[in-house]
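Participant: Fold the following and give me the result.
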Amino acid sequence: MYLVCGEALFDVFSLESAARSNELGFTAIAGGSPFNVAVGLRRLGVEAALFGGLSSDYLGTRLRRVLEEEGVDCGFLVPSDAPTTLAMVGLDANGSAQYQFRGDGCADGQVRLEHLPTLDGRIRGLHVGSYTLVVTPVADTLLALVRRESGRRLVSLDPNVRLDPQPDIDLWRRRVEAFASHAHLIKASEEDLALLYPGRAPGEVARDWLNPRCRLVFVTHGGAGASVHCAHGSWSRPADTALPLRDTVGAGDTFQAATLAYLRRLDADSPAGLAALSREAIDAMLAFAIRAAAVTCSRVGPDLPFAHEL
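Facilitator: Coordinates of the predicted model:
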C-alpha cells in the first residue's frame, strides 16, 4: 500500500452554457493532486490510502464518499471543522489548466505534528507533493513524516508547483529541496523546473537530484512527452498522440500514479527494489506512464484511467 499525503479539494470549472452574461454556471470535480494520485493508484489495482485534512462540511463529506467508492483507505484522514479548498480552473486554447485556489485556513492545511500516523508493514511507500509542501502547518508535518520514514520506505515526490496558494518561489525552492533530500523517486514537470530554477535546463536539474538515495527522476514535457534520468543515463519518449486531447487536468497525477503502480507490479516499490531496476524496466515504466497520461488527457477533468484501459 502507498500512503499518499496532501490535499483533497474540488476543481471548479466554469461552464459556457449560461443564457445571460450576468449568470455563471459551474461544475465541480473531486480532485487535488494527492487525491488524484491515490484514486489513480486504486484504479490501476494498487492499494492506496490518503493522509490529509478533510473537512466535515458538505464538500468534505462528498470527497470522503468518492474516496470510499474508489476503494481508497480513509483510515489516515484527519477530520477538521475547517472548510474545503476550492480550485477555480480555467483552460486555455490548448486545454492546459490555470488554477486559482480558495484555500486560506482550509482543512487540507491544518494537519499538525500530533496527527502524524504510526505506520505498519502494510505501507510500502509514501508520496508527497503539491502545495501542502509549502503551506503550514501541514508542510512541516509532511516533512517530519518523510524524514522519519525515508530510511525504511520508498518516498516519492512531485513538486507540482502552484504559486497561487503560496507565491514565494524562494520558499518553494527551499521546501522542494528539503523534501527531495529524502526522496527516492522524483517526478517534476518542465514548468515546475522553470519556476524553481529559471535559466537551467530541465535535464541538468534532474541529474543534480540523482544521488545514492534518489535513483530515478522523471520530467514531463507536456506535448513533447517525458524524459527519465537515472544511473543508466537520460532518455525521453514522445507523447502518445493516438487519443484526442480534451484537457490536461490530472495528467501529471496520472503519470505519477502510473509510475508507482508499475513499481508495485515489478515488486520494486522499495528503495532497494528501485535501485535494482534495469534500463529496460525503467523505459517500460516511462512508456506506461505516458500512455496512462494520454488517456486522462482524452477526457474532461481529472478522470484517471483504469488498468483495463492500458
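Participant: Do a quick rundown of the helices in the stretch 201-310 of the chain.
Facilitator: 202-209, 251-265, 271-275, 279-297 (DSSP state H, counting those that start in this stretch).
Participant: Tell me which of those helices sits most buried.
Facilitator: Most buried of these by mean neighbour count (mean count of other C-beta atoms under 10 Å) is helix 251-265; its value is a mean of 26. From N, CA and C alone the C-beta is placed, and that goes for glycine too.
Participant: Pipe the helices of the stretch 201-310 of the chain into TSV and attach distance to residue 57 and mean pLDDT per row.
Facilitator: Output for those, formatted as TSV (distance: least, C-beta to C-beta, whole Å; pLDDT from 0 to 100):
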stretch	distance to residue 57	mean pLDDT
helix 202-209	38	98
helix 251-265	24	98
helix 271-275	39	97
helix 279-297	28	98
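Participant: closest to residue 183 out of those?
Facilitator: helix 202-209 (8.0 Å; C-beta to C-beta).
Participant: Residue 12 in helix, strand or coil?
Facilitator: Following DSSP: H, G, I helix; E, B strand; the rest coil, the label given to residue 12 is strand.
Participant: right, and it touches residue 87 too?
Facilitator: Yes - here residue 12 reaches residue 87: they are 6.6 Å apart, a contact under C-beta atoms under 8 Å.
Participant: quick one, which of the helices of the stretch 201-310 of the chain is nearest to residue 55?
Facilitator: Minimum separation from residue 55 across the helices of the stretch 201-310 of the chain (C-beta to C-beta) falls at helix 251-265, 20.8 Å.
Participant: Put the alpha carbons of the closest one into CSV.
Facilitator: Written as CSV, here are the backbone C-alpha positions of helix 251-265 (Å, rounded to 0.1, in the frame of the first residue of the first chain):
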residue,chain,number,x,y,z
ALA,A,251,-2.2,14.4,-16.5
GLY,A,252,0.7,14.8,-14.2
ASP,A,253,-1.0,13.0,-11.4
THR,A,254,-1.8,10.1,-13.7
PHE,A,255,1.8,9.9,-14.8
GLN,A,256,2.8,9.8,-11.1
ALA,A,257,0.2,7.1,-10.2
ALA,A,258,1.3,5.0,-13.2
THR,A,259,5.0,5.0,-12.2
LEU,A,260,4.1,4.0,-8.7
ALA,A,261,1.7,1.3,-9.9
TYR,A,262,4.4,0.0,-12.3
LEU,A,263,6.8,-0.3,-9.4
ARG,A,264,4.3,-2.4,-7.4
ARG,A,265,3.8,-4.6,-10.5
